[in-house]
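Asks: I'd like to go over a predicted model; first the sequence, then the structure.
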Amino acid sequence: MQTVATALVVLIGVVHCYFLVLEMFLWTTPFGLKTFGRSREEMEATKVLAGNQGLYNGFLAAGLFWGAFASGDNGRDLRLFFLGCVLVAGVYGGATAAKKILYVQALPALIAIACVLLFGNTS
């Protein structure tokens, strides 16, 4: 079951790498416009903010990968810290931006936190 916890942490890290690419590089492309359902004008006006947001998602991904492959209590603590950051960001995004963020970001983080607490101690 420890493998399940690690796999969830890595998967959430990969998803945050995707968010980084989407927000930093694809924001104003047809794919970005379709993904977020906003006008080109709005996407152009928020491009710099989205890039900054993408960078933060990259930092979350880096922390999740660090925690996934660190050992012992340090690895567990890193996993819980970065998953907690993802959870808080997901809840805030769900409350302020779009409800689907709760399902895409917050819920997976909550499930991963439960798995790490139950079976995620690495040696």
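Replies: Good, I have the coordinates. What you see is a predicted model, and the numbers here were worked out from it, not measured in a lab.

Asks: Just give me the residue right at the centre of this protein.
Replies: His16 (3.9 Å; C-alpha atoms, centre = their mean).

Asks: Return the set of buried residues in the longest helix along the chain.
Replies: Taking DSSP state H as the assignment, the helix of the chain that covers the most residues is helix 72-96. Going by neighbour count (16 or more other C-beta atoms under 10 Å), the buried part of helix 72-96 is 75-76, 78-80, 82-83, 85-87, 89-91, 93-94. (Each C-beta comes from the backbone N, C-alpha and C, glycine too.)

Asks: next one: stretch 94-107
Replies: Quick answer for stretch 94-107 (16+ other C-beta under 10 Å): 94, 101, 105-106.

Asks: Now do Gly63 against Ala45, distance only.
Replies: For Gly63, the distance to Ala45 equals 30 Å [C-beta to C-beta, to the nearest Å].

Asks: who has more neighbours, these two?
Replies: Gly63 (20 against 12; other C-beta atoms under 10 Å).

Asks: What sits closest to that one if chain neighbours are left out?
Replies: Nearest residue to Gly63, sequence neighbours excluded (C-beta to C-beta, 6 or more residues apart in numbering): Phe82, at 3.8 Å.

Asks: Surely that neighbour and Leu64 touch.
Replies: Yes. Applying C-beta atoms under 8 Å, one finds Phe82 in contact with Leu64, separated by 4.9 Å.

Asks: what sits up against stretch 100-109?
Replies: Stretch 100-109 is contacted from outside by 8, 11-12, 15, 83-84, 86-87, 89-91, 93-94, using C-beta atoms under 8 Å, 6 or more residues apart in numbering.

Asks: which of those residues lies closest to Met24?
Replies: Among the contacts of stretch 100-109, Val15 lies closest to Met24 (C-beta to C-beta), at 14.8 Å.

Asks: got a list of what the closest one touches?
Replies: 104-105, 108.

Asks: now Cys115
Replies: Listed by C-beta under 8 Å, 6+ apart, the contact partners of Cys115 are 1, 4-5, 8.

Asks: at 7 Å what do you get?
Replies: For Cys115, the contact set (C-beta atoms under 7 Å, 6 or more residues apart in numbering) comprises 4-5, 8.
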